[in-house]
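> no sequence on this one, just coordinates:
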C-alpha cells in the first residue's frame, strides 16, 4: 500500500469521528510517512513500518470519547448502507424483526441484574423481618405473660431473641453480599458495554 | 507494569524528549528508541492527550515542499516533568525502605 492509499483507508475507517479529529490524524500520519520516506524508505516500506492498520485505528480511537467511538463503529458497520434515508427506511421496514430482538435483549439484561441482586435482596428481607419480629415479640412477651401466664410469655420472649439473632446475622450477611455484588454488577455492566465497543 | 503507571512514564519521556528543542513525531520515536518501546502509532494518542492538556502545542513548518508537524513543550509541560520527578523521588524513598526489608 502506498502513502495515498493508506491515507484513504485511514480516512474511511475513521469515518464518524469529528472532522477535526480525522484531519488531525491524517496530518500526523501524512507527516510521519513523509519523514520515513525522507529517511530513505520506499512509500510501501514506510506504510508497512507503521504496523497493522487495525492497531493504528484502535490507537487513534483509544482516547476519543465513547460516543465518537460508537459513531465510527456504526459508520463502519456492514449494516450501514452509507445513505441516511436508506438506513431509516430499512430501520422502519426491519422494525418487526429488530424490535422483538431488542426488547428480548433488554429483558435479558434486566433479568440478569435482578438475578444478581436477588441474593442480597433475600438476605436483606430476612434480616429486616427477623429484626422487626424480634423487637415486636419483646413487649408482646410481657403482654402475653400477664394475660396467659408465664409459660407462653417466656416462650415468646425466647423466640423473639432467636429471631433477633437470625436478623442480625442476616444483616451482616446482607452487608458483605451487597458489597461483593456491587463488584459483580459492575462487571456485568462493563461486559455489556464491551459488546458494543471493541 | 500497571498501565496507569506505564502511561505516566511514557508521557514524561515524551515531554522530556521535547525539552531541549521542538521536535516532530518520527524524530521523537527515534530519540526515545532504546529508552522505551514506542512507535508512531502509540505516540499519536499520547501527543493528542498532552496537547489537549496544554502540555504541548503543535505547529506546522514548511519542509521540503510539505508541512511537518512540530511539537513544542509548554510551561505546563515543563511543570509536569518537574512534578513527575518529584513523584518518583517519593516513590524511590518508599522503594529504598521496602528493599531494605527491616523496618526502622
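Received the coordinates, thanks. None of the values given here were measured: they were computed from a predicted structure.

> Skip the chain neighbours and tell me the closest residue to residue 38.
No chain specified, so I'll use chain A. residue B:64 (7.0 Å; C-beta to C-beta, 6 or more residues apart in numbering or on different chains). Heads up, the C-betas are built off the backbone N, CA and C, glycines and all.

> sorry, should have said chain B
residue B:32 is the one closest to residue B:38 (C-beta to C-beta, 6+ apart), at 5.3 Å.

> check contacts around that neighbour.
Residue B:32 makes contact with B:13, B:14, B:17, B:38, according to C-beta atoms under 8 Å, 6 or more residues apart in numbering or on different chains.

> how close does the last one get to residue B:56?
This means residue B:38. 15 Å (C-beta to C-beta, to the nearest Å).

> Which one's more surrounded, those two?
residue B:56 (23 against 18; other C-beta atoms under 10 Å in any protein chain shown).

> Tell me the confidence at the more buried one?
In this prediction, residue B:56 carries a pLDDT score of 95.

> With residue A:13 instead?
89.

> Can you verify my assumption that it contacts residue A:53?
Yes. Applying C-beta atoms under 8 Å, one finds residue A:13 in contact with residue A:53, separated by 7.0 Å.

> Compare the two (neighbour count), which wins?
Neighbours per residue, other C-beta under 10 Å: of residue A:13 and residue A:53, the larger number sits with residue A:13, 20 against 15.

> mind listing what that one touches?
Neighbouring residues of residue A:13 by C-beta under 8 Å, 6+ apart: A:53, A:57, A:72, A:76.

> By neighbours, which of those wins?
In the contacts of residue A:13, the most neighbours by other C-beta under 10 Å go to residue A:72, 20 neighbours.

> where does it land on pLDDT?
74.

> Quick one: distance of the host helix or strand of residue A:58 to the chain centre.
Taking DSSP states H and E as the definition, one finds residue A:58 inside helix A:53-62. From the chain centre to the centre of helix A:53-62 is a distance of 22 Å (C-alpha atoms, centre = their mean, to the nearest Å).

> Show the average pLDDT along the one helix or strand residue A:133 maps to.
Per DSSP H and E: residue A:133 is located in helix A:95-148. For helix A:95-148, the mean pLDDT works out to 89.

> For the following helix or strand past it, name the packing helices and strands.
Helices and strands here follow DSSP H and E; after helix A:95-148, the next one along the chain is helix A:150-196. Here helix A:150-196 touches helix A:95-148, going by 3 or more C-beta pairs under 8 Å, 6 or more residues apart in numbering or on different chains; DSSP states H and E.

> chain center to the helix it packs on: distance?
That offset, for helix A:95-148, works out to 24 Å (C-alpha atoms, centre = their mean).

> For that helix, name the packing helices and strands.
Checked by 3+ C-beta pairs under 8 Å, 6+ apart, helix A:95-148 has helix A:150-196 packed alongside it.

> So what does the residue of chain A most remote from its centre look like in phi/psi?
No residue in chain A sits farther from the centre than residue A:149, which is 59.9 Å out by C-alpha atoms, centre = their mean. Per-residue torsions, residue A:149: phi 100, psi 170 (degrees, to the nearest 10).

> So residue B:73 is in contact with residue B:56, correct?
Yes. At 6.4 Å, residue B:73 and residue B:56 qualify as touching, with contact defined as C-beta under 8 Å.

> Spell out which residues are contacts of both of those two.
B:15, B:18.

> Just list the residues touching residue 74, thanks.
In the absence of a named chain, chain A is used. By C-beta under 8 Å, 6+ apart, the residues touching residue A:74 are A:16, A:80.

> Not quite, go with chain B.
B:54, B:55, B:56, B:57.

> separation between the closest residue to residue A:53 other than its chain neighbours and residue B:29?
Once flanking residues are discounted, residue A:53 sits nearest to residue A:9: 6.2 Å by C-beta to C-beta, 6+ apart. Separation of residue A:9 from residue B:29 (C-beta to C-beta): 22 Å.
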